[in-house]
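Engineer: requesting a structural model of the entry that follows:
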Amino acid sequence: MSPVMAILVDASKRVLVQGITGREGRARTRLMREFGTNIVAGCTPGKGGENVEGVPVFNTVAEAMDASSRSPHPGPLPGGEGGNGIDISVIFVPAALVQGAAIEAIEAGVKLLLLVPDRVPIWDTMRIVAAAREHGAQFVGPNTLGVLSPGPQGKSAVIGMIGGRAASAREWFPPGHVGIISRSGGMTSSCGYYLGRKGIGLSTLVHVGGDSVLGLRIPEVALLFENDPDTHAIVVFGEIGGSQEEQLAELIADGRVTKPVVAYIGGAAAKEGTRFSHAGAIIEGNRGTHAGKVKALRDAGATVVSGFGDLPQATLDVLGTHLVNR
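Structural biologist: Predicted coordinates:
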């Protein structure tokens, strides 16, 4: 059996938590560390010098980056392998402050961000998109539950709020060879849970976020899974609205995504103007319809199931039992 791989996050990535001194930042820092995430620093303006869950707090991202880059010792700062700086920043700040926090991290040299808060103003997200492009950075979200790479233990990591308690997350999400991409936070966890109950191991679970303007979206994450040598199939939970699923279908049709894709599209009964749970899931005219997404994916060669409960068996069917971790 080849070693289990992951995309975006694993235990080797050095993680910064912006907003670590807030209630959510503190709680999630503890849970992320329990699961194996290598959190080396926190950042809250005016709180530099404090310590949260054994993690040192800095006033600015630049200070955290500098201290991390100079640190030669393992563990939280002083910690990690010297010279690596910060790989990922997880942002737990109020929605109105997300733009400033994200651009500060991008300009300090962080190359991957996770924007957890919802209700981030769309123009703020667009400015983050522009800053990320200018500096060669990427981000997931906003309005994302997070990203989780199940393992094996010692290599597992999570960023954001997905998974809850470490013991539960390890039970629910066994490590393996199927990647999950979802537009719904709750359904990201549900997909992983029900696949796991069917004996299907997972490489990484990614909730891209529920807003209309996002960082990494379904097609971009699918390409990351395509390039992961140990992800053998991709499961997608899609929704009405937008064109992410149609763009994934184009990648499949063009031969850029060759691994089996199994998808479920929520919102089959929605009519024009219907909003389906998220700001990014709304039908406008003939765009973003359930029927259009299903047809595009099936025409491209993906397996699209009619019921959410059909995803595990359909995944088994495309994988073959020899690739399944039981």
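Engineer: the stretch 1-150 of the chain: strands as residue ranges?
Structural biologist: For the stretch 1-150 of the chain, strands defined by DSSP state E, counting those that start in this stretch occupy the ranges 14-18, 38-43, 51-52, 55-58, 88-91, 112-115, 138-140, 146-149.
Engineer: which strands border the shortest one, and is each parallel or antiparallel?
Structural biologist: Right, the one you point to is strand 51-52. Strand pairing for strand 51-52, determined by DSSP bridges: strand 55-58 (antiparallel).
Engineer: what's next to the partner strand, contact-wise?
Structural biologist: With C-beta atoms under 8 Å, 6 or more residues apart in numbering as the contact definition, strand 55-58 has outside contacts at 17, 20-21, 29, 33, 39-44, 47-51, 64, 67, 76-77. Every C-beta, even on glycine, is put in place using the N, C-alpha and C of the backbone.
Engineer: from those, list just the buried residues.
Structural biologist: Buried by 16 or more other C-beta atoms under 10 Å: 17, 20-21, 29, 33, 39-44, 47, 64, 67, 76-77, out of the contacts of strand 55-58.
Engineer: how far is the helix or strand bottoming out on mean pLDDT in the chain from where the chain is centred?
Structural biologist: None of the helices or strands of the chain scores lower by mean pLDDT, DSSP states H and E than helix 61-70, at a mean of 90. Centre-to-centre, helix 61-70 and its host chain are 24 Å apart (C-alpha atoms, centre = their mean, to the nearest Å).
Engineer: can you give me the buried ones in it?
Structural biologist: So helix 61-70, judged by 16+ other C-beta under 10 Å, has buried residues 61, 64-65, 67-68.
Engineer: again with stretch 99-116
Structural biologist: Residues of stretch 99-116 classed as buried by neighbour count (16+ other C-beta under 10 Å): 99, 101-106, 108, 110-116.
Engineer: please export the alpha-carbon coordinates of it; PDB is fine.
Structural biologist: What follows is stretch 99-116, C-alpha atoms only, in PDB (Å, rounded to 0.1, in the frame of the first residue of the first chain):
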ATOM      1  CA  GLN A  99      -9.800  41.800   4.500                       C
ATOM      2  CA  GLY A 100      -7.100  43.500   6.600                       C
ATOM      3  CA  ALA A 101      -6.000  40.300   8.300                       C
ATOM      4  CA  ALA A 102      -5.800  38.400   5.000                       C
ATOM      5  CA  ILE A 103      -3.900  41.100   3.100                       C
ATOM      6  CA  GLU A 104      -1.500  41.500   6.100                       C
ATOM      7  CA  ALA A 105      -0.700  37.800   5.900                       C
ATOM      8  CA  ILE A 106      -0.300  37.800   2.100                       C
ATOM      9  CA  GLU A 107       2.000  40.800   2.200                       C
ATOM     10  CA  ALA A 108       4.100  39.100   4.900                       C
ATOM     11  CA  GLY A 109       4.700  36.100   2.600                       C
ATOM     12  CA  VAL A 110       2.100  33.500   3.700                       C
ATOM     13  CA  LYS A 111       1.100  31.500   0.600                       C
ATOM     14  CA  LEU A 112      -2.100  29.800   1.800                       C
ATOM     15  CA  LEU A 113      -4.800  31.300   3.900                       C
ATOM     16  CA  LEU A 114      -8.100  29.900   5.300                       C
ATOM     17  CA  LEU A 115     -10.800  32.500   5.800                       C
ATOM     18  CA  VAL A 116     -13.300  31.000   8.300                       C
END
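Engineer: thought residue 46 was touching residue 60?
Structural biologist: No: taking contacts as C-beta atoms under 8 Å, residue 46 lies outside contact range of residue 60: 10.4 Å.
Engineer: and the helix or strand encompassing residue 235, what other elements does it pack with?
Structural biologist: Using DSSP states H and E, residue 235 sits in strand 233-239. Strand 233-239 is packed against strand 175-182, helix 185-197, helix 218-226, helix 244-253, strand 261-266, helix 311-319, with contacts defined by 3 or more C-beta pairs under 8 Å, 6 or more residues apart in numbering; DSSP states H and E.
Engineer: so which of the ones you listed is the most packed in?
Structural biologist: Most buried of the helices and strands packed on strand 233-239, by mean neighbour count (mean count of other C-beta atoms under 10 Å): strand 175-182, with a mean of 27.
Engineer: now that one against helix 244-253, angle please.
Structural biologist: Angle of strand 175-182 versus helix 244-253, following axes from the mean of the first three to the mean of the last three C-alpha atoms, to 10 degrees, is 130 degrees.
Engineer: per-residue pLDDT, residue 60?
Structural biologist: Per-residue pLDDT puts residue 60 at 98.
Engineer: bridge partners for the nearest residue to it once chain neighbours are set aside, pull those for me.
Structural biologist: Of all residues not flanking residue 60 in the chain, residue 43 sits nearest, at 6.6 Å (C-beta to C-beta, 6 or more residues apart in numbering). Beta-bridge partners for residue 43, by DSSP bridges, are residue 18, residue 58.
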